[in-house]
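Q: fold the following.
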Amino acid sequence: MDSKKLAELLFPNITVTADELEEKYPPRNLPEGALVTRLGPSPTGFMHLGNLYGAFVDERLAHQSDGVFFLRIEDTDDKRYVEGAIDLIIDSLKFFDINFDEGVGKDGDQGDYGDYTQSHRGEIYGAFAKRLVEEGKAYPCFLTEDEIALIREKQEAAKINPGIYGEHALSRDLTYEQVEANIARGKPYAIRLKSDGNPDPEKAKRIHVVDAIRGELDMPENFQDTIILKGTGIPTYHFAHVVDDHLMRTTHVVRDESWLPSLPIHVELFEKLGWEPPIYCHTAQLMKIDENGNKRKLSKRKDPELSLEYYRKKGYHPASVREYLLTVLNSNFEEWRMENQDADINQFHFTTEKMSSSGALFDLDKLNDVSKDVMLRIPASEIYDFLKDWAEEVAPEYLPMFADRDYAEKILDLGRQDAKPRKDLVCAEQIVDFISYFFDDFYKSEDELPEEVSKEDAKTILENYLASYDHTDDQSAWFDKIRNIGEALGYAPKPKDYKKDPDSYKGHVGHVSTAIRIALMGRAQSPDVWTIQQIMGEDMTRRRIESALASL
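A: I've put the predicted structure just below:
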């Protein structure tokens with residue numbers, strides 16, 4: 001068959017050539033060792049933790065090597081397209097401080113290697129599909145869905161590999177005249193790769209691919225005549241990503257391990273197109289320990305924490321999520337952090353060699369612990385800005401807490417400058433609850449009096465406390481008054497005295513101060529009461545004690 005004549009028949013409207021496209025998208029002018037990575041999400045309206053996990057790897061590999069990280073929208077599956085999903089992708093990644101050097105943006109594409117949306121690149125895919133046909137490496141397939149289903153039934157009955165290959169590829173050896181006649185009759189067709197692979201396991205070749213995470217992979221070659229252009233002219237992922245990654249000069253492709261079975265197809269496509277493939281980095285799937293103690297894959301249906309929206313609504317600071325992801329991604333990060341407690345996270349040298357090739361375990365409790373440390377390193381002024389933005393977006397009912405910036409910053413800084421600094425702040429949802437007692441409109445009494453303090457004693461304690469209260473007292477004078485109030489009522493001046501001889505006392509000074517703490521904060525546990533009062537001010541302090549007395 002005259003393959004060039006066939007190519008012209010199949011692609012009469014493709015005038016740009018593969019060589020012209022190679023000239024249009026030349027190799028990038030980057031420093032030696034610079035990596036080029038991309039994130040290629042589908043606009044499905046759901047951004048999940050796996051997207052962020054992969055994006056973080058992409059971003060670190062590119063930026064720490066002075067390379068390029070770009071955003072490409074892979075929207076060839078129009079059935080999954082959701083309106084507004086591209087803006088969601090851009091906004092979500094920006095929120096988590098994932099910054100692109102080029103690619104799709106809200107105001108249009110940035111960069112010289114676009115268009116960065118696959119559905120806009122039809123002519124490019126057509127040009128390379130046309131070249132494959134010209135070279136006898138691809139062909140038009142006229143098999144209908146019913147015919148393919150029948151072939152599969154026969155293969156299953158014969159217990160052989162399912163698919164379109166070899167003798168089952170019924171369109172593979174059609175003559176030019178037969179192809180022309182089918183097209184004249186209006187028969188739809190797809191373009192399939194003409195694979196050189198052998199379906200016989202004993203005769204099949206093995207391919208060897210070095211994965212940056214998993215090391216050398218030994219796999220059987222591809223033998224399937226996989227579709228590269230659908231009947232609609234839309235490319236499959238297999239073909240589109242190979243063409244795009246070559247023209248955009250991608251050096252490293254980070255993707256989920258679920259793509260590993262497709263790797264032989266991609267290797268063959270690169271070979272047939274005459275291109276050097278990028279280095280693949282197949283990440284481990286995100287796992288969690290379920291209620292039965294078993295490890296399982298994170299599920300969109302079962303696990304709300306898989307969605308990035310979960311972290312935005314809860315109000316986790318982007319720095320906390322990024323730091324936690326590094327503990328999952330690189331096994332040596334936590335050791336580095338212990339030795340570099342105040343260092344910028346970007347000073348850590350990320351490597352694919354330290355990534356797990358088995359399931360990456362995601363743990364919300366660990367995220368919370370990491371967040372406490374991260375939030376301690378963020379100035380109160382920045383936390384204030386973050387919380388106010390979160391309230392405006394997610395929970396406007398809490399905006400009154402941020403009406404007075406100076407007051408809110410004092411609250412947020414409470415105990416953080418101590419010799420042993422407090423680590424109380426986790427995420428916005430927890431923080432607004434944690435500081436709510438500082439605001440009359442959000443105050444609520446949550447805890448009961450200690451069992452050592454009767455209601456009668458509590459009333460006397462609060463009456464005496466109110467009578468002796470002097471807002472100018474330093475912490476020592478303030479606590480001496482509490483100790484004296486307690487001693488007069490039969491409470492030990494020191495906890496150790498009570499422990500040594502419990503029968504001689506009703507309780508100890510800690511129980512007395514807890515009664516005061518509950519009156520002021522509504523809670524039995526809180527940061528230092530004296531410091532809290534200094535922030536609240538004398539009027540609020542007296543008002544809270546008077547209100548508590550009225551309720552006894």
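
Q: can you give me the strands in the stretch 101-250 of the chain?
A: 102-103, 138-141, 190-193, 206-211, 215-220, 227-229 (DSSP state E, counting those that start in this stretch).

Q: mean neighbour count, distance to Lys295 and mean pLDDT added to those strands, as a markdown table?
A: In this view, the C-beta of every residue, glycine as well, is placed from N, C-alpha and C. Shown next, in a markdown table, are these (neighbours: other C-beta atoms under 10 Å; distance: least, C-beta to C-beta, whole Å; pLDDT from 0 to 100):
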| stretch | mean neighbour count | distance to Lys295 | mean pLDDT |
| --- | --- | --- | --- |
| strand 102-103 | 22 | 35 | 98 |
| strand 138-141 | 24 | 42 | 98 |
| strand 190-193 | 24 | 37 | 98 |
| strand 206-211 | 14 | 22 | 96 |
| strand 215-220 | 12 | 23 | 96 |
| strand 227-229 | 23 | 36 | 98 |
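
Q: okay, helices next: where are they in the stretch 351-500 of the chain?
A: For the stretch 351-500 of the chain, helices defined by DSSP state H, counting those that start in this stretch occupy the ranges 364-377, 380-393, 405-412, 428-434, 455-468, 475-488, 495-500.

Q: what does stretch 282-301 contact?
A: 46, 48-50, 53-54, 57, 211, 213-214, 254-260, 263, 303, 305-307, 355-363 (C-beta atoms under 8 Å, 6 or more residues apart in numbering).

Q: so how do I select the buried members of the residues you listed in PyMOL?
A: To isolate the buried ones among the contacts of stretch 282-301 in PyMOL, judged by 16 or more other C-beta atoms under 10 Å, type:
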select buried, resi 46+48+49+50+53+54+57+211+213+214+254+255+257+259+260+263+303+305+306+307+355+356+359+360+362+363
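
Q: returning to that earlier point: okay if I get the helices of the stretch 351-500 of the chain as CSV plus mean pLDDT?
A: Below are the helices of the stretch 351-500 of the chain laid out as CSV (pLDDT from 0 to 100):
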stretch, mean pLDDT
helix 364-377, 96
helix 380-393, 97
helix 405-412, 98
helix 428-434, 97
helix 455-468, 97
helix 475-488, 97
helix 495-500, 95
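
Q: could those go into JSON lines alongside mean neighbour count?
A: Below are those laid out as JSON lines (neighbours: other C-beta atoms under 10 Å):
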{"stretch": "helix 364-377", "mean neighbour count": "17"}
{"stretch": "helix 380-393", "mean neighbour count": "17"}
{"stretch": "helix 405-412", "mean neighbour count": "17"}
{"stretch": "helix 428-434", "mean neighbour count": "18"}
{"stretch": "helix 455-468", "mean neighbour count": "17"}
{"stretch": "helix 475-488", "mean neighbour count": "16"}
{"stretch": "helix 495-500", "mean neighbour count": "14"}
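
Q: out of the ones you listed, which gets nearest to Phe348?
A: helix 364-377 (13.5 Å; C-beta to C-beta).

Q: thinking again about what came up before, for Ala477, which of the strands of the stretch 101-250 of the chain is the nearest?
A: Comparing these by C-beta to C-beta, strand 102-103 comes nearest, at 62.6 Å.

Q: got the phi/psi numbers for Lys297?
A: Main-chain torsions, Lys297, degrees, to the nearest 10: phi -70, psi 140.

Q: separation between it and Ser307?
A: With distances taken as C-beta to C-beta, to the nearest Å, Lys297 is found 15 Å from Ser307.

Q: also Ile160?
A: Applying C-beta to C-beta to Ile160 and Ser307 gives a distance of 41 Å.

Q: got CSV for the helices of the stretch 351-500 of the chain, with distance to Pro421 too?
A: Output for the helices of the stretch 351-500 of the chain, formatted as CSV (distance: least, C-beta to C-beta, whole Å):
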stretch, distance to Pro421
helix 364-377, 6
helix 380-393, 12
helix 405-412, 13
helix 428-434, 15
helix 455-468, 28
helix 475-488, 17
helix 495-500, 24
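
Q: got TSV for the strands of the stretch 101-250 of the chain, with distance to Val370 too?
A: Shown next, in TSV, are the strands of the stretch 101-250 of the chain (distance: least, C-beta to C-beta, whole Å):
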stretch	distance to Val370
strand 102-103	29
strand 138-141	50
strand 190-193	46
strand 206-211	28
strand 215-220	29
strand 227-229	44
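
Q: and Glu8, which of those strands is closest to it?
A: strand 138-141 (12.7 Å).

Q: so which elements touch that closest one?
A: Applying 3 or more C-beta pairs under 8 Å, 6 or more residues apart in numbering; DSSP states H and E, we find strand 138-141 packed against helix 3-10, helix 122-134, helix 176-184, strand 190-193.

Q: show me what contacts Ser371?
A: Counted by C-beta under 8 Å, 6+ apart, Ser371 has contacts Tyr316, His317, Ser320, Glu323, Tyr324, Leu425, Val426, Cys427.

Q: quick check: which of the helices of the stretch 351-500 of the chain is nearest to Ser513?
A: Across these, closest to Ser513 is helix 475-488 (C-beta to C-beta), at 5.5 Å.

Q: find the residue ranges of this structure scoring beneath the pLDDT cut-off.
A: Within the chain, no range satisfies pLDDT under 70.
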